[in-house]
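> generate a structure from the sequence data that follows.
(2 chains)
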Protein chains: 2
Amino acid sequence: MTVELVCVGTELLLGNIVNTNAAYLAEKCALLGLSCYFQTVVGDNQERMERTIRLAVSRSDIVILSGGLGPTKDDLTKETAAEIFGRKLVEDPHTRERILNYFVRMKKENITGNNWKQALVPENAIVVDNDNGTAPGLILEEKGKRIILLPGPPNELKPMFERHIIPYLQNINSEGIYSKMVKICSIGESKAETMIADLLEAQKNPTIAPYAKTGEVHIRITARASDEEKAELMIKPIIEELYQRFGNTIFTTDENVTLEEAAVQMLREKGMKITTAESCTGGLLAGRIMNVPGASEVYQEGYITYSNQAKEKLLGVRAETLEEFGAVSRETAAEMAVGAARSAASEAALSVTGIAGPDGGTPQKPVGLVYIGCYLKGRTRVEEFHFTGNRSKNREYAVARALTILREEILKYE
Amino acid sequence: MTVELVCVGTELLLGNIVNTNAAYLAEKCALLGLSCYFQTVVGDNQERMERTIRLAVSRSDIVILSGGLGPTKDDLTKETAAEIFGRKLVEDPHTRERILNYFVRMKKENITGNNWKQALVPENAIVVDNDNGTAPGLILEEKGKRIILLPGPPNELKPMFERHIIPYLQNINSEGIYSKMVKICSIGESKAETMIADLLEAQKNPTIAPYAKTGEVHIRITARASDEEKAELMIKPIIEELYQRFGNTIFTTDENVTLEEAAVQMLREKGMKITTAESCTGGLLAGRIMNVPGASEVYQEGYITYSNQAKEKLLGVRAETLEEFGAVSRETAAEMAVGAARSAASEAALSVTGIAGPDGGTPQKPVGLVYIGCYLKGRTRVEEFHFTGNRSKNREYAVARALTILREEILKYE
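Model prediction:
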């Protein structure tokens, strides 16, 4: 079956926002085994919208419309879709009730008249409840063609799609696509690709696709099968093969697990606590670790030490080290890690010191030079990096590398 | 004049990447005064691509195609566009030379045969040099219609568009669009909208559009005029009117200045240093401040204090305060801010303590409860917030609010 996406919104045409809905819907549809050949963006103009939807319906089995379901007179998507399938709009009492409850929950008192416009639905439409807003989703079926209308805000569209539209689409489309993600760190993208070149060449079903992320490589294995169990049987040997090749550089096979979650989980299992001492990343590394729910079990204090004085005072870095080797040096990174672990009384510590840019570089120590230190139960390791991005990218890469080094060191400590 | 975007790429149809090129091109075209009514994404399939481009050419003056200019046999955009305008492909010696030089510069030795495919251009095309890759851009003109072909990778497309395509488009389209951004904090989106409801109602040229950002409201003023000077004269009285209404809650009228940059600049002007003491945001606030180039002038050390022990040890929060009011309390936030300023010997300090979720909430102190403290030269202020997002959103909002409070306190200190 084919699906086509039509996203409605002037703010998309003006480039005020990036069309993340299209990427989200396209990925989900691909996983459902639906082929998507066209995506279109159109504004809140009835004639152009009608032309666009008619074209989409003529060439695709399912048309997913997002946006333009709001209460104002500019919101025309529902009206236009209803007209194309020759349906009248009628009030849906259930939706009217839900809108009322929504306003009560949000403690808003003045429900303006146009809000009730959202309770109007095309005759014989399947009404899909919106748990995060007032405009319901709608499904129209007509002579083997389907139009699905979704609200534009991603925080309404995504939960509605997950909860209601995916089961609906699974039901009408028997052969599905199932996939697993293998996430790798410690190995660069081009090396990882070379290591699976033969698999990439030979693939058919399942397919294998590598994606480069900041400091990580993700490999998606996708199988087309009639049910999940069969798909899993097809995917399993490939995951085993990848483990043969990548060993413990694979940090998860769970799509939703991040590198920091994997690292925090390892610390938790070993009963270790960690701290951080950051110069150029200034809190970003700690911030990423702390974004893991429950990170407080393994992380209780950390230090941001930009000035030499702070490095001496909070971490006990020796003045002579700073004097002789400078703040951005292998020696300082090592003392920062050791000192942080001592101050926080933790088994592990990560330190980052470097020149993120745009200023502060010298011929000896150029912008992008970063030292990352890792202390773990008596062992200290320091790595030198030369990043080539802007300030923000260099800091992001440093954080990713620090987490990778931490993971490697915990793995060594078996 | 009208412009239409056609982005070519299977990875867009599969949702593997977000279409940032479309947002970039749409915004730039809007600023050039070109009206964009349609954006389409299509894959590397000759028939579907041809249908899409023909439709685009039939309804828009300028069609900008991006992607599909690479060396492989899947890359068909150039061939398809040439066919639509009835042009043959011929080798361009200048481009062949540039491809050769590019490979020398990149120290790549094996130039495979298909790379030379990129030196083929449609007859009579305007060839646009690519400074960051091998596929040149191309402009085809035919009977008042124009097709512009751009490479897909954003790091090639953007510089090419800035350097070569914008001047070309300015030249063919005399009336431009010019805009200014007014950025506001301390005022919520709906209040800000109410405060300019009359302006929003009355607008024609210039137009005014508010955008809600995390903890900020941005108002874009856009004028259509024959040159920049005229546009500025039209925009100026509106900016003055906005200053009348919003006063010093406007933190910048520079599109590129962030809230943290504005705050760092104010600290710099006052010769003040700042530190941070973070619990639930765990380094994010420091990380955002430190992303400002040169932030080290005003920020030299900071503390991440998750455990009570760390709050006592690093910040001198009193055990009795933690005992009596708890770690997430107005009193603890105040002592954290004061203690941090004392430890870092800085004039200002921000503290954050709260329950980011998903766990850790109680009926008295639910998930989303966050206290933000601000110490500034002897004065301490604490604000209580109830955020309603997930862990990650709650932390982002807390950081934005902290920066806003800091700015307000510096403004009071005149």
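> where does chain A have its least confident helix or strand?
Within chain A, no helix or strand scores below strand A:207-213, which has a mean of 80 by mean pLDDT, DSSP states H and E.
> now do the contacts for the nearest residue to A:Glu409 once chain neighbours are set aside.
In space, and not counting its chain neighbours, A:Glu409 is closest to A:Leu376: 4.6 Å by CB to CB, 6 or more residues apart in numbering or on different chains. C-beta here means a position set from N, CA and C on the backbone, and glycine is covered the same way. A:Leu376 makes contacts with A:272, A:347-348, A:406, A:409-410, A:413, as judged by CB atoms under 8 Å, 6 or more residues apart in numbering or on different chains.
> which residues in the stretch 251-400 of chain A form strands?
Using DSSP state E, counting those that start in this stretch, the strands of the stretch 251-400 of chain A run over residues A:274-278, A:301-305, A:348-354, A:369-376, A:379-386.
> got CSV for the ones you listed, with mean pLDDT too?
Shown next, in CSV, are the strands of the stretch 251-400 of chain A (pLDDT from 0 to 100):
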stretch, mean pLDDT
strand A:274-278, 98
strand A:301-305, 97
strand A:348-354, 98
strand A:369-376, 97
strand A:379-386, 96
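> just those: most buried one?
strand A:274-278 (a mean of 31; mean count of other CB atoms under 10 Å in any protein chain shown).
> show me what that one is packed up against.
With contacts taken as 3 or more CB pairs under 8 Å, 6 or more residues apart in numbering or on different chains; DSSP states H and E, strand A:274-278 sits against helix A:284-290, strand A:301-305, helix A:308-315, helix A:330-344, strand A:348-354.
> only C-alpha atoms, please: export it in PDB.
These are the backbone C-alpha positions of strand A:274-278, laid out as PDB (Å, rounded to 0.1, in the frame of the first residue of the first chain):
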ATOM      1  CA  ILE A 274      30.700   9.100  39.000                       C
ATOM      2  CA  THR A 275      31.500  12.800  39.000                       C
ATOM      3  CA  THR A 276      32.600  15.200  36.300                       C
ATOM      4  CA  ALA A 277      35.000  18.100  36.100                       C
ATOM      5  CA  GLU A 278      34.400  20.200  33.100                       C
END
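> that strand vs helix A:330-344, what angle?
If you take axes from the mean of the first three to the mean of the last three CA atoms, to 10 degrees, strand A:274-278 sits at 130 degrees to helix A:330-344.
> remind me, longest helix of chain A?
Longest helix in chain A by number of residues (criterion: DSSP state H): helix A:391-412.
> tell me the mean pLDDT for that helix?
Average pLDDT, helix A:391-412: 94.
> now do stretch A:306-326
What stretch A:306-326 shows for mean pLDDT is 97.
> any chance of the strands of the stretch 251-400 of chain A in a markdown table, plus distance to B:Asn394?
Below are those laid out as a markdown table (distance: least, CB to CB, whole Å):
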| stretch | distance to B:Asn394 |
| --- | --- |
| strand A:274-278 | 21 |
| strand A:301-305 | 19 |
| strand A:348-354 | 25 |
| strand A:369-376 | 29 |
| strand A:379-386 | 32 |
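> how close does the nearest residue to A:Asn394 once chain neighbours are set aside get to B:Ala223?
Nearest non-adjacent residue to A:Asn394, counting by CB to CB, 6+ apart: A:Phe387, 4.2 Å away. For A:Phe387, the distance to B:Ala223 equals 41 Å [CB to CB, to the nearest Å].
> can you list the residues of the stretch 51-200 of chain A near chain B?
With the criterion set to CB under 8 Å from any CB of the partner chain, the stretch 51-200 of chain A comes near chain B through A:52, A:55.
> break down the stretch 51-200 of chain A into its helices, ranges please.
A:77-84, A:93-105, A:154-160, A:166-172, A:189-195, A:197-202 (DSSP state H, counting those that start in this stretch).
> where does pLDDT dip in the stretch 201-350 of chain A?
When residues are selected by pLDDT under 70, none of them lie in the stretch 201-350 of chain A.
> give me the residue from the stretch 101-250 of chain A nearest chain B.
A:Tyr211 (6.8 Å; CB to the nearest CB).
> stretch A:310-320 near chain B anywhere?
Yes - shown here: stretch A:310-320 in contact with chain B (CB under 8 Å from any CB) through A:310, A:313-314.
> check which residues of that stretch are buried.
By 16 or more other CB atoms under 10 Å in any protein chain shown, the buried positions in stretch A:310-320 come out as A:310-315, A:317.
> what's the end-to-end length of that stretch?
15 Å (CA to CA, to the nearest Å).
> where's it relative to the chain centroid, distance-wise?
Chain-centre distance of stretch A:310-320: 38 Å, with CA atoms, centre = their mean, to the nearest Å.
> contacts for that stretch, please.
A:277, A:279, A:303-305, A:308, A:322, A:327, A:332, A:335-336, A:339-340, A:342-343, B:300-301, B:314, B:344.
> low-confidence ranges in the stretch 1-150 of chain A?
In the stretch 1-150 of chain A (pLDDT under 70), the answer is A:106-110.
> can you show me the strands along it?
Ranges of strands within the stretch 1-150 of chain A are A:2-8, A:35-42, A:62-66, A:89-91, A:120-122, A:126-128, A:137-142, A:145-150, based on DSSP E, counting those that start in this stretch.
> let's have the ones you listed in CSV, adding mean neighbour count.
Below are the strands of the stretch 1-150 of chain A laid out as CSV (neighbours: other CB atoms under 10 Å in any protein chain shown):
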stretch, mean neighbour count
strand A:2-8, 24
strand A:35-42, 23
strand A:62-66, 28
strand A:89-91, 14
strand A:120-122, 21
strand A:126-128, 17
strand A:137-142, 20
strand A:145-150, 24
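> of all the ones you listed, which one comes closest to B:Lys236?
Across those, B:Lys236 has its closest neighbour in strand A:35-42 (33.1 Å, CB to CB).
> please name every helix or strand in contact with the closest one.
On a contact count with 3+ CB pairs under 8 Å, 6+ apart, strand A:35-42 meets strand A:2-8, helix A:10-13, helix A:20-31, helix A:46-59, helix B:10-13, strand B:35-42, helix B:46-59.
> alpha carbons of the longest helix of chain A, as CSV, please.
Written as CSV, here are the backbone C-alpha positions of helix A:391-412 (Å, rounded to 0.1, in the frame of the first residue of the first chain):
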residue,chain,number,x,y,z
ARG,A,391,32.1,25.9,19.4
SER,A,392,28.8,24.1,19.9
LYS,A,393,29.7,21.0,17.8
ASN,A,394,33.1,20.7,19.5
ARG,A,395,31.5,20.6,22.9
GLU,A,396,28.9,18.1,21.8
TYR,A,397,31.6,15.8,20.4
ALA,A,398,33.7,16.1,23.5
VAL,A,399,30.7,15.0,25.6
ALA,A,400,30.0,12.0,23.3
ARG,A,401,33.7,11.0,23.4
ALA,A,402,33.8,11.3,27.2
LEU,A,403,30.8,8.9,27.6
THR,A,404,32.4,6.5,25.2
ILE,A,405,35.7,6.5,27.1
LEU,A,406,33.9,6.0,30.4
ARG,A,407,32.1,3.0,28.9
GLU,A,408,35.3,1.5,27.6
GLU,A,409,37.0,1.9,31.0
ILE,A,410,34.1,0.3,32.9
LEU,A,411,34.2,-2.6,30.4
LYS,A,412,37.9,-3.1,31.1
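> could you check the angle strand A:379-386 makes with that helix?
Using the same axes, to 10 degrees: helix A:391-412 against strand A:379-386 is 150 degrees.
> and helix A:391-412, which residues are buried?
Neighbour counts over helix A:391-412 (16+ other CB under 10 Å) mark A:391, A:394-410 as buried.
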